[in-house]
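Asks: with the sequence up front, the predicted model follows.
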Amino acid sequence: MLLLSASVATPSPLLLLLGAAAVGALVLAAPRLLSRAQGSLQIFQRLRDLRASRHVDMAIVAAYHERLPDADRTGALDDRTWKDLDLDDVFQSLDHAASEPGRQYLYHLLRTPKINFGWLERLEQVVARLTADDDVATRLRATIGQLNDQRAAYLVHLFLGDVPRRPRFWWLFPLLTVSAIACLALVPVWPRAIVVWLAICVVNVVVQVAYKPRVKNFIPALHEMPAFLRVATSLGQLPLDEIADERRTLSGGAKALAGLRRATWWLRFEPGQSNELAASLYEYVNLLFLIDVNAFVFATETLRQSRATTRAMFEAIGYIDAAQSVATWRSTLPLWTRPEFTDPRKAIHVDGVVHSLVANAVPNSLQIENTSVLITGSNMSGKTTFVRALGVNAVLAQALHTACARVWHAPLLRVRTSIGRADSVMEGKSYYLAEVESVLALIRAKESGAQHLFLLDEIFRGTNTTERIAAAYAVLAHLTGGVDLVVVATHDLEVLGLLGDAYAPHHFREQITDNVLSFDYLLQPGPSSTRNAIALLEYMKYPKSVVADALGALNWQHGHTGS
């Protein structure tokens, strides 16, 4: 009897060899498994930190806009204008989206100002309703907040990405998962099943390493698909007539994508939200049982066939969230107004306009008719900030139907700029060449026939004074033709004399009294009448000899030019 028991308990050489091979493979794979689990923990930790700090990865935020077809980005702000107006910072200051899709759609709205009265009026209706009905707004934010996970930003890959087809032998993946589970279940009655399980686990790890990189951008989105469909269903039932079209889209889409809900049901477990041990355990289970890989292969055909539906649902959720974000943002502003838009004409009337990023900003007003604007004044007096404030508010008015001003009365405008430094050491371009290219882009934009607001600061400052003034005159005279509006800040008063009545002169001023430098940051009509550049040298304690030489040179120039 003892001999019989011993013979039964002794594994065969083949099983011992398989077991040793499986254990060895697992030992070799252990560092990778540990690394992946640790990486998962770090990702979850970073996600919690990001939510706590409200840090925004702009590359992720811009993913929806950047992936859209060109036809859907018609009229979008070019990169130079976006950077010149610091619109990344502006976006982050106004972002009150409750979800990642809402954040991405809000970015798209800001990046693509509308030339459409009807679209802006409808947005205003939704924003006004959410502002007036706090109960509905609170319920809406709580519902959409289920998608406030960075993985939800990857939903764009499901309808704007190239979804890979299932591999030829995809049916082996669920078979491996079922086999692994079966082996674990058999261990109590057949201990040798652990050896088979180990061998299957090795194969599963190989599948993960080989296949998962192809679908790494889709797996996070699949994890969010159950939440995405829950949000769609809930919003479809929200009593908000102003978003009736979006509600129908979401209700119908949720029913059409019921198959995806079934395909991703085993991704409903949400590790790592608060428990790092659960996150680590889930990562190991996922590696050894191919949970997310199987979810993808079951869902892939449905994903490919439902891209239009998924996109429509994403955009509906994004639009609703963006509207509530605008309503919330308005409540934080010390000064804002609903813009009034006119038919195309060469006129603009703004009162009390401020830059949304400047704390305690001094409001300024500008009213012009049939001219453009040339602003002079010393450095630090407020010229460039005012030019940027006009551009930012023109974008906000046409993207979010909100202007940081008491009055915004203007046509619908395409905003183009040449403000910030544009030199590129990496490309070997001089400042002047980069500036010439930037201004040429404005000239070519003018050929489109749309009405533009062109904003420039110190045009052609990378070259000598004589040629700079001549080139600036020619360009500014060309840009102001027709109904286009130009606002340019410059130190070159000589340009104003050449342009004549085509540009209305305005200026900012500074004062040096009792050895104190002060600015009032108020836009004044007329050209600048102060020349304090050399006085500033004295104020900054330059050597008296340097100041005296500068004054002498200035007097010499006046004597030779007769000025």
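Replies: Perfect, thanks for sending it.
Asks: tell me the SS of V90?
Replies: Following DSSP: H, G, I helix; E, B strand; the rest coil, the label given to V90 is helix.
Asks: pull out the buried positions in stretch 70-83.
Replies: If you call a residue buried by 16 or more other C-beta atoms under 10 Å, then stretch 70-83 has these buried ones: 76-77, 80-82. Quick note: C-beta positions are derived from backbone N, CA and C, even for glycine.
Asks: so which of these comes closest to I375?
Replies: Lowest distance from I375 to these (C-beta to C-beta) belongs to T81, with 18.6 Å.
Asks: the host helix or strand of that closest one: how far from the chain's middle?
Replies: Secondary structure assignment for T81, by DSSP states H and E: helix 79-84. In terms of C-alpha atoms, centre = their mean, to the nearest Å, the centre of helix 79-84 is set 13 Å apart from its chain centre.
Asks: what's the domain layout of the protein?
Replies: 340-527, 531-563 (automatic domain parsing).
Asks: if we can go back for a sec, export the helix holding T81 as PDB, just CAs?
Replies: What follows is helix 79-84, C-alpha atoms only, in PDB (Å, rounded to 0.1, in the frame of the first residue of the first chain):
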ATOM      1  CA  ASP A  79      -0.100  77.300 -33.700                       C
ATOM      2  CA  ARG A  80       1.500  80.800 -33.800                       C
ATOM      3  CA  THR A  81      -1.600  82.600 -32.700                       C
ATOM      4  CA  TRP A  82      -2.300  80.000 -30.000                       C
ATOM      5  CA  LYS A  83       1.100  80.400 -28.500                       C
ATOM      6  CA  ASP A  84       1.200  84.200 -28.900                       C
END
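Asks: ok, residues contacting it?
Replies: With C-beta atoms under 8 Å, 6 or more residues apart in numbering as the contact definition, helix 79-84 has outside contacts at 88, 111, 388, 391, 415-420, 422, 438, 441, 455.
Asks: for PyMOL, write a command that selects the buried ones of those.
Replies: Selection command for PyMOL covering only the buried members of these, criterion 16+ other C-beta under 10 Å:
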select buried, resi 88+111+388+391+415+416+417+418+419+422+438+441+455
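Asks: which of the contacts of helix 79-84 fall within helices?
Replies: Those of the contacts of helix 79-84 mapping onto helices are 88, 111, 388, 391, 438, 441, per DSSP state H.
Asks: among the residues you listed, which one sits closest to R262?
Replies: Of all those, the one sitting nearest R262 is R111; the distance, using C-beta to C-beta, is 36.3 Å.
Asks: just flag the most distant two among the buried residues of stretch 70-83.
Replies: A76 and R80 (12.3 Å).
Asks: tell me which other helices or strands the regular element (helix or strand) spanning P101 touches.
Replies: Counting by DSSP H and E, the element that carries P101 is helix 100-111. In terms of contacts (3 or more C-beta pairs under 8 Å, 6 or more residues apart in numbering; DSSP states H and E), helix 100-111 is packed against helix 58-61, helix 63-67, helix 87-94, helix 307-332, helix 383-400.
Asks: now the first one: mean pLDDT?
Replies: Summarised as a single mean, pLDDT over helix 58-61 is 96.
Asks: helices or strands up against it?
Replies: Of the remaining helices and strands, those touching helix 58-61 by 3+ C-beta pairs under 8 Å, 6+ apart are helix 87-94, helix 100-111.
Asks: neighbouring contacts of stretch 369-378?
Replies: 346-347, 366, 383, 386-387, 476, 479-480, 484-491, 493, 495-496, 499, 501-510, 523, 527-528, 530, 532-533, 536.
Asks: tabulate the CA atom coordinates of that stretch in CSV.
Replies: Provided in CSV are the C-alpha atoms of stretch 369-378 (Å, rounded to 0.1, in the frame of the first residue of the first chain):
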residue,chain,number,x,y,z
GLU,A,369,-14.8,103.0,-37.0
ASN,A,370,-13.3,102.6,-40.5
THR,A,371,-9.7,102.5,-39.2
SER,A,372,-7.2,100.2,-37.6
VAL,A,373,-5.2,101.0,-34.4
LEU,A,374,-1.6,101.8,-33.8
ILE,A,375,-0.5,101.8,-30.2
THR,A,376,2.7,103.4,-28.9
GLY,A,377,4.3,103.7,-25.5
SER,A,378,7.3,102.6,-23.5
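Asks: identify each buried residue in it, please.
Replies: Neighbour-count burial for stretch 369-378, with 16+ other C-beta under 10 Å as criterion, is recorded at 371-378.
Asks: got it, and stretch 400-410?
Replies: Neighbour counts using 16+ other C-beta under 10 Å place 400-405, 407-410 of stretch 400-410 among the buried residues.
Asks: need those residues in a markdown table (columns: secondary structure, distance to I60 and pLDDT).
Replies: Output for these, formatted as a markdown table (DSSP: H, G, I helix; E, B strand; the rest coil; distance: C-beta to C-beta, whole Å; pLDDT from 0 to 100):
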| residue | secondary structure | distance to I60 | pLDDT |
| --- | --- | --- | --- |
| L400 | helix | 21 | 98 |
| H401 | coil | 26 | 98 |
| T402 | coil | 25 | 98 |
| A403 | strand | 28 | 98 |
| C404 | coil | 27 | 98 |
| A405 | coil | 32 | 98 |
| V407 | strand | 37 | 98 |
| W408 | strand | 32 | 98 |
| H409 | strand | 37 | 97 |
| A410 | strand | 33 | 97 |
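Asks: can you lay out these as CSV showing distance to A308?
Replies: Putting the buried residues of stretch 400-410 into CSV (distance: C-beta to C-beta, whole Å) gives the following:
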residue, distance to A308
L400, 27
H401, 28
T402, 31
A403, 35
C404, 37
A405, 40
V407, 42
W408, 37
H409, 40
A410, 37
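Asks: what is the nearest of these to A221?
Replies: When those are ranked by distance to A221 (C-beta to C-beta), L400 comes first, at 27.2 Å.
Asks: how about the closest one: what's its closest non-neighbour residue?
Replies: Once its chain neighbours are removed from consideration, L400 has its nearest residue in V326; the separation is 5.0 Å (C-beta to C-beta, 6 or more residues apart in numbering).
Asks: show me what stretch 248-261 is in contact with.
Replies: Outside stretch 248-261, the residues that reach it (C-beta under 8 Å, 6+ apart) are 225-226, 229, 232-233, 235-237, 299, 302-303, 306, 309-310, 312-313, 316-317.
Asks: circling back to that earlier point, Produce a ChimeraX select command limited to the buried residues of the contacts of stretch 369-378.
Replies: Buried members of the contacts of stretch 369-378 can be picked out in ChimeraX with the line below, counting by 16+ other C-beta under 10 Å:
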select :346,347,366,383,386,387,476,479,480,484,485,486,487,488,489,490,491,493,495,496,499,502,503,504,505,506,507,508,509,510,523,528,530,532
